[in-house]
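>>> dropping the sequence and predicted coords here.
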Amino acid sequence: MGSYYEGLLAETVFIQGHEGDQVLAYLARPVGAGPYPGVVFLHGAVSGWDEWTREAARRLAQHGHAALAPNLHWREAPGAAPDDAAAEARRRGGEPDDRALGDIDGAARFLRSQPYSNGKVAIMGVCSGGRQTYLAACKLTVFDAAVDCWGGRAPIDLTGSLSCPLIGIFGEDDQSPSPADVAATEAELKKHRKGYEFHSYPGAGHMFFAWTRPSYRQEQAEDGWKKVFAFLAKHLS
């Protein structure tokens, strides 16, 4: 009959981030020797390092990835509730790009150093994390694939330096990024002949993957996840 055992390990860990800072992160991975590809998962600016962020990490693990979600608001309010930490981070203008890049780089290196790693790591982010995903894929060279979920204000002036394939997941009812913003990003990707695929969903707005929010759209979210997992399988196997 064979074995039908499945298991996940999910826990908080500390990683070495920007300038050697110790940063809290949530790690979820399949139980076993692997090897497994890694995914750095970045939360958004409004909800922060919340319950849904950790559930997304577990969903990635359920599909065979070692997922690590760093708390990018950790320094602003250590130990605070995610909403409070996110509010404090917004009050201070959000996490600086150089600090976020240092934490993201540290997360990628943590995953790649684990004995169960297959040596490949992707980055995935939602909302401001989607923007940081685009930024990191252009400024760092540690990723094998990038997943931008409705990241507004993408730094498209850096597109020429994009170092890995990119998938974009967007809602047509979103205003940040708006359909016009998505079209402008796509034009830059085509201009620089980058490998990418974009999927925009009618009837969906911002954060439509998140079941904890009124913006959740089940049909569009499930199809979007399928697109994401197919993309990761293609580039991380």
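Alright, I've got the coordinates. Numbering: from 1, shown residues only.

>>> hmm, who's touching the helix-or-strand element of the chain with minimal mean pLDDT?
Across the helices and strands of the chain, mean confidence by mean pLDDT, DSSP states H and E is lowest for helix 82-91: a mean of 88. Under the contact criterion Cβ atoms under 8 Å, 6 or more residues apart in numbering, helix 82-91 has outside partners 45-51, 53, 71-74, 76-77, 80, 95. Where C-beta positions appear, they are placed from N, C-alpha and C, glycine not excepted.

>>> show me where the protein has helices.
With helices called from DSSP state H, the chain shows them at 51-62, 82-91, 97-113, 128-139, 179-191, 218-236.

>>> thinking again about what came up before, spatially, which two of the contacts of helix 82-91 are the most separated?
In those, the most distant members under the criterion Cβ to Cβ are 51 and 95, with 20.3 Å between them.

>>> more neighbours: those two, which one.
Counted by other Cβ atoms under 10 Å, residue 51 and residue 95 do not tie: residue 95 has more neighbours, with 21 against 12.

>>> please identify the most buried of the helices of the chain.
Highest mean neighbour count among the helices of the chain (mean count of other Cβ atoms under 10 Å): helix 128-139, with a mean of 26.

>>> that helix vs helix 51-62, what angle?
50 degrees (axes from the mean of the first three to the mean of the last three Cα atoms, to 10 degrees).

>>> alpha carbons only: can I get helix 128-139 in PDB?
The C-alpha coordinates for helix 128-139 follow below in PDB (Å, rounded to 0.1, in the frame of the first residue of the first chain):
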ATOM      1  CA  SER A 128       4.200  46.300  -0.300                       C
ATOM      2  CA  GLY A 129       5.800  42.800  -0.200                       C
ATOM      3  CA  GLY A 130       5.100  42.600  -3.900                       C
ATOM      4  CA  ARG A 131       6.900  45.800  -4.500                       C
ATOM      5  CA  GLN A 132       9.800  44.600  -2.400                       C
ATOM      6  CA  THR A 133       9.800  41.300  -4.400                       C
ATOM      7  CA  TYR A 134      10.200  43.300  -7.600                       C
ATOM      8  CA  LEU A 135      12.900  45.400  -5.900                       C
ATOM      9  CA  ALA A 136      14.800  42.400  -4.600                       C
ATOM     10  CA  ALA A 137      14.600  40.500  -7.900                       C
ATOM     11  CA  CYS A 138      16.300  43.600  -9.500                       C
ATOM     12  CA  LYS A 139      18.800  44.500  -6.800                       C
END
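
>>> which of the contacts of helix 82-91 lies closest to residue 12?
Checking these one by one against residue 12 (Cβ to Cβ), the nearest turns out to be residue 71, at 8.9 Å.
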